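# coordinates only, no sequence provided:
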């Protein structure tokens, strides 16, 4: 009997080893088959995509390096104070970017103040209120505004918008709100206000189109649930559409702001091109993009060329800072919604 028990144990061990070896061999076969499934073409395609992705990063790093190299003489001459100096005088070779940063930020913020309410209202009307026979052609016409070249906007602003502001809008603002620093000074037509209005018209189609797509992506069950709980039409739009699509609206606004920050020709034609910092919206100003368009091809000295390149670097830094801030805002809004669930 003991021998029979010992024999059984030996047989059991042999069977376990056999099954284990069989499982190992089957797993190795599966792994080898998976390796065989990865064809040479797949590997080539994978590495091509990987190289394309990294090439974008390398291109960005190369651009930053080139801008820094070209602008280094200006930083060596003026230091970090270049960004805080409002003076810009090619004759005395005294250069500072503060007035251009101010003009860029103020004109872009004005554009957002004018464009965002209109864009969100247009998107709500086209997506939620307008009948189909009206929403499609009207939406197409609004999107067509984004295809108009900026030089056409500039000409229209110079010959139509600026005289209208000079004769009607600016005198009205000066008469009734002249006690505010924003509306003091001579009504010239061209200036910071005109640039803000032009930019608002140019970025409205972008913000409206993206916001409309955001509203389309919201499920109909959100609307039906709000109405089923007794909400009015406005309360449904406020709770089920605007609140749900907050992060998407912020993203659309940031895309519009990106275009406003970098717009060149239209702003150059209507902002007045004067490197000053004034509180009044009637005064002329200048943006970082407009000074580059006006003077880069006519720079007489290496220091002026380096200073203009440093202005371009400042434009890059401002754009990066604003987009980073927007990314943080979107992240916090999305986190808040997840926490509420």
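Received it, and whenever you're ready, just let me know what you need. Nothing here was measured: the structure is a model prediction, and the numbers come from that model.
# residue 313 contacts residue 71, doesn't it?
Yes: here residue 313 lies in contact with residue 71, judged by CB atoms under 8 Å, at a distance of 5.3 Å. Every C-beta, even on glycine, is put in place using the N, C-alpha and C of the backbone.
# for the residue most central in space within the chain, give me its contacts.
Centroid check for the chain by CA atoms, centre = their mean gives residue 255 as the closest residue, at 3.1 Å. When contacts are counted by CB atoms under 8 Å, 6 or more residues apart in numbering, residue 255 touches 206-207, 210.
# going on from the helix or strand harbouring it, what's the next piece of helix or strand?
Following DSSP states H and E, one finds residue 255 within helix 246-262. Using DSSP H and E, the helix or strand that follows helix 246-262 in sequence is helix 265-270.
# one step back: how far is the helix holding residue 255 from where the chain is centred?
Chain-centre distance of helix 246-262: 5 Å, with CA atoms, centre = their mean, to the nearest Å.
# same question, stretch 143-161
Using CA atoms, centre = their mean, the offset of stretch 143-161 from its chain centre is 21 Å.
# ok, now stretch 40-60?
That offset, for stretch 40-60, works out to 25 Å (CA atoms, centre = their mean).
# before we move on, what about stretch 120-131?
The answer for stretch 120-131 is 23 Å, by CA atoms, centre = their mean.
# any chance you could list what contacts that stretch?
135, 138-139, 142, 204, 207-209, 211-212, 214-216, 237, 241-242, 249.
# mind redoing it with 6 Å?
135, 139, 208, 211-212, 215 (CB atoms under 6 Å, 6 or more residues apart in numbering).
# quick check: phi and psi at the nearest residue to residue 293 once chain neighbours are set aside.
Computed as CB to CB, 6 or more residues apart in numbering, the closest residue to residue 293 that is not its neighbour in sequence is residue 264, at 4.9 Å. The phi/psi pair for residue 264 (degrees, to the nearest 10) reads phi -120, psi -70.
# from residue 125, how far off is residue 264?
Counting by CB to CB, to the nearest Å, the separation of residue 264 from residue 125 is 32 Å.
# which residues of the stretch 1-150 of the chain score low on pLDDT?
Across the stretch 1-150 of the chain, the ranges flagged by pLDDT under 70 are 1-38.
# if you could redo that for the stretch 201-341 of the chain, that was the one I meant.
329-330, 332-341.
# repeat the analysis, applying 80 as the threshold.
Within the stretch 201-341 of the chain, the stretches with pLDDT under 80 are 318, 320-341.
# and this protein, what are its domains?
Here the domain parsing of the chain from automatic domain parsing is 1-37, 75-340.
# which residues are in contact with residue 328?
Contact partners of residue 328, counting by CB under 6 Å, 6+ apart, are absent.
# ok, back up a step: how close does the residue nearest to residue 293 sit to residue 302?
In terms of CB to CB, residue 264 sits 24 Å off from residue 302.
# and residue 176, by the same measure?
Where residue 302 is concerned, residue 176 sits at a distance of 50 Å (CB to CB).
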